[in-house]
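*Asks:* Have a look; sequence and predicted model below, questions after that.
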Amino acid sequence: MTRPPLTVAELRATITAALDTAPAMQASMMRAIVALLDDALAEHGETDDTLDNSGLLALAQGYARAVTPEQRDQLAAGIATRLTVDEAGVVLRAAAAVRTAVPGVVLRAKANGDSTAEIARELDMTDSYVRRIAREYRLVSWRLDLYDSEAGPGWQSWESGDDIIPSTRTEPDLAEHILTAAGRGPREHRARVLIWNGTDEQPDTAAAYTHERDKPSPLDQARGGVEGLLAEFERGQRAERRRVADERGTHADPEDYDEPDTTS
């Protein structure tokens, strides 16, 4: 029995459902594809148009079946000639996004148990380059708590996340960035930031660094509001430089890729 062709929304759901069980490196590419499908749905809305002749669908389905590096090489070579201009553009944009995220891909793969040789083979890198990334970047997780806030009485979690940061970046610097980027909450309430090495859930007592700040005074709140607006403007400028650089196939300032994502 022939399976009915998928719509864009159905393809997105299929890929998303497989994310939890996908190895770290594969999951990174799958998330990039899901993000691009989200863009397509936002631009065109949900339609009944199907992907029965889509090279992207063939790529997604083939990727699910390709379990060895050799099979993935064959898949890439076979699909490349079937892509339309639009589809090739989607793949190239996804590749550009993945290139900027390589340190995170490498460190999360190592945390997942992949060897240096396996990572190098999958990403078409040398072993020494993978080891260099592991030396120059760190994988950390963090949580921002507020005291007696809208989140509840006492200390309550406000935001959390995990980030890839340069090894030279200090925990106090990261904590201050998280507080500034979080906006109104830390400007109006007593706050603390806990930072752990790695991404595994860990107790508060195992935090590598804890930073606590008292509730700001009215003057500090006003000053923090201005600083928050300036920080938001700068993040927007960095994002625009990354977008232009990716479209032109050039490189933005490396510092544009060092700021952590402080969304929950």
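*Replies:* Sure, I can see it.

*Asks:* What residues of stretch 182-195 count as buried?
*Replies:* Neighbour-count burial for stretch 182-195 flags 182-183, 185-195 (criterion: 16 or more other Cβ atoms under 10 Å). For the C-beta atoms, the positions are set from N, CA and C on the backbone; glycine is no exception.

*Asks:* Gly154: how many residues sit nearby?
*Replies:* 10 (other Cβ atoms under 10 Å).

*Asks:* Double-check that it belongs to a helix.
*Replies:* No - counting by DSSP: H, G, I helix; E, B strand; the rest coil, Gly154 is not part of a helix but strand.

*Asks:* That one touches Asp148, doesn't it?
*Replies:* Yes - counting by Cβ atoms under 8 Å, Asp148 is a contact partner of Gly154 at 6.8 Å.

*Asks:* Among the buried residues of stretch 182-195, show me the least confident.
*Replies:* For those, the weakest pLDDT value sits at Gly183, with 81.

*Asks:* ok, so what distance separates that residue from Gln71?
*Replies:* For Gly183, the distance to Gln71 equals 46 Å [Cβ to Cβ, to the nearest Å].

*Asks:* likewise Ile79?
*Replies:* The gap separating Ile79 from Gln71 is 12 Å, by Cβ to Cβ.

*Asks:* Which one of the two is surrounded by more residues?
*Replies:* When neighbours are counted by other Cβ under 10 Å, Ile79 comes out ahead of the other of Ile79 and Gln71, with 18 against 13.

*Asks:* so what does the helix or strand harbouring the more buried one touch, helix or strand wise?
*Replies:* For Ile79, the host element (DSSP states H and E) is helix 69-80. Contacts defined by 3 or more Cβ pairs under 8 Å, 6 or more residues apart in numbering; DSSP states H and E place helix 69-80 against helix 55-65, helix 116-123.

*Asks:* next structured bit after it?
*Replies:* Sequence order places helix 85-100 as the next helix or strand after helix 69-80, per DSSP H and E.

*Asks:* How about the helix or strand that that next one is followed by, which residues are buried there?
*Replies:* Proceeding N to C from helix 85-100, the next assigned helix or strand is helix 102-111, under DSSP H and E. Within helix 102-111, the residues that count as buried by 16+ other Cβ under 10 Å are 102-110.

*Asks:* so how far is Asp86 from the closest residue in space to Ala35 that isn't next to it in sequence?
*Replies:* Leaving out its chain neighbours, the residue that sits closest to Ala35 by Cβ to Cβ, 6 or more residues apart in numbering is Ala97, at 7.6 Å. Counting by Cβ to Cβ, the separation of Ala97 from Asp86 is 17 Å.

*Asks:* who's more crowded, those two?
*Replies:* Counting neighbours by other Cβ under 10 Å for Ala97 and for Asp86 shows that Ala97 has the greater number, 17 against 11.

*Asks:* wait, doesn't that one sit right on Val34?
*Replies:* No - Ala97 lies out of contact with Val34 (Cβ under 8 Å); the separation is 11.6 Å.

*Asks:* ok, and what's touching stretch 149-159?
*Replies:* Applying Cβ atoms under 8 Å, 6 or more residues apart in numbering, the external contacts of stretch 149-159 come out as 143-148, 178, 182, 185-186, 188-189, 191-192, 262-264.

*Asks:* Out of those residues, name the ones that lie in strands.
*Replies:* Judged by DSSP state E, the contacts of stretch 149-159 include 143-148, 191-192 as members of strands.

*Asks:* got any ranges where the stretch 101-250 of the chain has weak pLDDT?
*Replies:* Low-confidence segments of the stretch 101-250 of the chain, defined by pLDDT under 70, span residues 216-233, 235, 242-243, 245-250.
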